[in-house]
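Undergrad: only the shape, not the letters, is given here:
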């Protein structure tokens, strides 16, 4: 980004047991190390940043920059790419992915 920040995009297996099979996560941070720290702080401890296999599209960058948390997700496209060509669901805040269903009695 022109101001020195970065947008990191990752395709990950869903951490929720009953969630989607794979998710695309976007993180806005000062640098790649801070992006990794932000992911680990929300509970995604086994995430590593290697290379740039699926860089964020312009639409994805716009979405994460306009989100107040700067940390969003949606179901990953079946093709494994950024999904810029596909019409998909809206972006969700990361807490919606990590939310555990309440125990029913």
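TA: Good, I have the coordinates. Values in this document were obtained by computation on a predicted structure and should not be read as measured data. Numbering: from 1, shown residues only.

Undergrad: now residue 4. Nearest residue, chain neighbours left out?
TA: Excluding the flanking residues, the one nearest residue 4 by Cβ to Cβ, 6 or more residues apart in numbering is residue 30, at 7.2 Å. Every C-beta, even on glycine, is put in place using the N, C-alpha and C of the backbone.

Undergrad: run a quick neighbour tally on that neighbour.
TA: 13 (other Cβ atoms under 10 Å).

Undergrad: tell me the pLDDT at it?
TA: pLDDT recorded at residue 30 is 93.

Undergrad: kindly report the same for the one 3 residues further on.
TA: Looking at residue 33, its pLDDT reads 90.

Undergrad: likewise for residue 104?
TA: Per-residue pLDDT puts residue 104 at 47.

Undergrad: which residues of the chain score low on pLDDT?
TA: Residues of the chain meeting the criterion pLDDT under 70: 16-20, 78-88, 99-105.

Undergrad: strands of this structure, residue ranges please.
TA: 6-13, 22-29, 71-75, 92-93 (DSSP state E).
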